[in-house]
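*Asks:* requesting a structural model of the entry that follows:
(chains A and B)
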Amino acid sequence: MQLVSHEYAGTVVLAPGGRLDHDNSEAFRAALQPHLEAAARPQRGVVLDLSNLEYVSSAGLRCFVLAAKQAKAQGGRIVIAGMQPVVAEIFQISRFNLVFDIFSSVRDALAALSADATAAYDRG
Amino acid sequence: MRVRFWGTRGSIPVSLTWRDLRDRVAQALVAANGRSLDTLERAYAFVEGHLPFSIAGTYGGHSPCVELDTGGASYFVCDMGSGARPFGAHVMARQAGAPARINVFMSHLHWDHMMGFPFFVPAWTPGTTLRIHGCHANLEAAFVRQQEPPGFPVGFSRLGAEFEFVQLEPGRPIEVDGVRVTAKHQLHGGDSFGYRFETGGRSIIYSTDSEHKLEDATETHDFVAFFRDADLVVFDSMYSLAEAVSVKEDWGHSSNMVGVELCQMAGVKHLVLFHHEPAYDDAAIDRVLAETRRFEELTREGSPLRVSSAFDGLEIAL
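*Replies:* Model prediction:
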């Protein structure tokens, strides 16, 4: 499980890749933690870019919920972007599509969070 | 071995309303437009062959009661929810006056799992032997209390059957009339217990009112071991996964997705979704079943896991 991160004007984009399942969900949760703490400022957002995620199990989905709870407690927000069809289907079956704001691309997600972050993303 | 589902709804019984029935009849009539259904035989063939279950049938509304028919002389039944009333009628008809020997296994002592007992006719019938098994220390007291005033007008002492309350210890198998039974502790308010039944080379798991904490690898491992290679697992799938890990966390129930994952890890053959949310109508349960089958396809690595959704009246032969 890789976790690639980028920051655009204070908004963090985290991109897990591969499969997120029972075997690596706790490691993923630990890997998320420093990024969530760094983003622990009011009005700060985190984008989970799932475009390289091939599969997510119930344990992996729970990590997303825990991260969202933590972000909310810190006054921030987590949104989802760029899901592959299989992951999108799992979100729908689990009803996680009703829990998260979901965007088709990272840029759309950033646009919903911060104009500065969107501008930074567009500048590359 | 046959498994008969007498009650499959969670928390509280439900029933169709006149509006539900009217809407179904209307939908069936529209679907039948242009067909010649001038005999009952043709009408049944149309209903059974062309209408979805959510129009032609209903998942039903009795609270939990599941019979395991081993083919032996004694009865085995899990929980005494409101489905115990029709189960009792079945026992009385089948015995035709002969005394019955009934082994009850209680997952826990919450209302929805006991409420059918005062209406369970064999318990009122002299000659019946009722052995009630469970892991809760207050097993007998809960049955007696349910029939105390002001909740019920006729006390437990007036029942005609001969009773034995059997205290089980989780993880320690016992032999009951030729069936090996093992209980397992489950996470639920006030505790609940699942049961593994093994006889004639077949194994059935009854695991309801059980929440699974996904961060606990040991708990997952223990349930996989408990479910290992079972022919059938009756599984509490009351909530969506999103509900179970967020707004309904710690409410003591699980989801369809966790059921699939545990059964796949354990090499189970057949998963039966159970303890349906009372707010779900038949179409909603149909949708959950279709999605669960799709999730099983998406996650399948070995042999296919058959997925069904329990309904009152369902019989599964093993």
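*Asks:* so is stretch B:304-318 next to chain A?
*Replies:* No. No part of stretch B:304-318 sits near chain A under the criterion C-beta under 8 Å from any C-beta of the partner chain; the closest distance found is 12.3 Å. Quick note: C-beta positions are derived from backbone N, CA and C, even for glycine.
*Asks:* pull out the buried positions in that stretch.
*Replies:* B:Leu305, B:Val307, B:Ser308, B:Ser309, B:Ala310, B:Phe311, B:Asp312, B:Gly313, B:Leu314, B:Ile316, B:Leu318 (16 or more other C-beta atoms under 10 Å in any protein chain shown).
*Asks:* I'd like to know which of the residues you listed is nearest to A:Ala68.
*Replies:* A:Ala68 lies nearest to B:Val307 out of these, by C-beta to C-beta, at 29.1 Å.
*Asks:* return the distance of that closest one relative to chain A.
*Replies:* B:Val307 sits 12 Å away from chain A, going by C-beta to the nearest C-beta, to the nearest Å.
*Asks:* my read: that residue touches B:Arg294, true?
*Replies:* No. B:Val307 sits out of contact with B:Arg294 when judged by C-beta atoms under 8 Å, with a separation of 9.6 Å.
*Asks:* A:Ala15 pairs with what?
*Replies:* A:Val4 (DSSP bridges).
*Asks:* that one: neighbour count?
*Replies:* 19 (other C-beta atoms under 10 Å in any protein chain shown).
*Asks:* check B:Phe223 too.
*Replies:* B:Phe223 - counted by other C-beta under 10 Å - has 23 other residues nearby.
*Asks:* residues touching it, list them.
*Replies:* B:Phe223 sits next to B:Lys184, B:Ser207, B:His212, B:Leu262, B:Ala266 when contact means C-beta atoms under 8 Å, 6 or more residues apart in numbering or on different chains.
*Asks:* which one of these is nearest A:Val65?
*Replies:* Of those, the one sitting nearest to A:Val65 (C-beta to C-beta) turns out to be B:His212, at 14.5 Å.
*Asks:* please report how far the closest one lies from B:Val224.
*Replies:* B:His212 sits at a distance of 11 Å from B:Val224 (criterion: C-beta to C-beta, to the nearest Å).
*Asks:* identify the contacts common to these two.
*Replies:* The contact lists of B:His212 and B:Val224 share B:Leu262, where a contact means C-beta under 8 Å, 6+ apart.
*Asks:* compare these two (neighbour count), which wins?
*Replies:* B:His212 (23 against 17).
*Asks:* A:Lys72 belongs to a helix, doesn't it?
*Replies:* Yes. Using DSSP: H, G, I helix; E, B strand; the rest coil, the assignment for A:Lys72 is a helix.
*Asks:* quick one: the helices in the chain?
*Replies:* All of this refers to chain A. All helices of chain A, identified by DSSP state H, fall at A:25-38, A:58-73, A:85-94, A:106-113, A:115-123.
*Asks:* not quite, go with chain B.
*Replies:* So, for chain B - with DSSP H - the helices run B:18-31, B:40-50, B:53-56, B:84-95, B:121-124, B:139-146, B:217-227, B:241-244, B:256-266, B:282-299.
*Asks:* out of these, nearest to B:Gly7?
*Replies:* helix B:84-95 (7.2 Å).
*Asks:* beta partners for the residue positioned nearest the centre of chain A?
*Replies:* Centroid-nearest residue in chain A: A:Leu48, 1.7 Å away (criterion: C-alpha atoms, centre = their mean). Judged by DSSP bridges, the bridge partners of A:Leu48 are A:Leu14, A:Ile80.
*Asks:* could I get the buried residues of stretch B:304-318 as a markdown table with pLDDT?
*Replies:* Formatted as a markdown table, the buried residues of stretch B:304-318 follow (pLDDT from 0 to 100):
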| residue | pLDDT |
| --- | --- |
| B:Leu305 | 98 |
| B:Val307 | 98 |
| B:Ser308 | 98 |
| B:Ser309 | 98 |
| B:Ala310 | 98 |
| B:Phe311 | 98 |
| B:Asp312 | 98 |
| B:Gly313 | 98 |
| B:Leu314 | 98 |
| B:Ile316 | 98 |
| B:Leu318 | 95 |
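*Asks:* out of these, flag the one nearest to B:Glu41.
*Replies:* Nearest member of these to B:Glu41, counting by C-beta to C-beta, is B:Gly313, at 21.3 Å.
*Asks:* kind regards, and thank you for your time.
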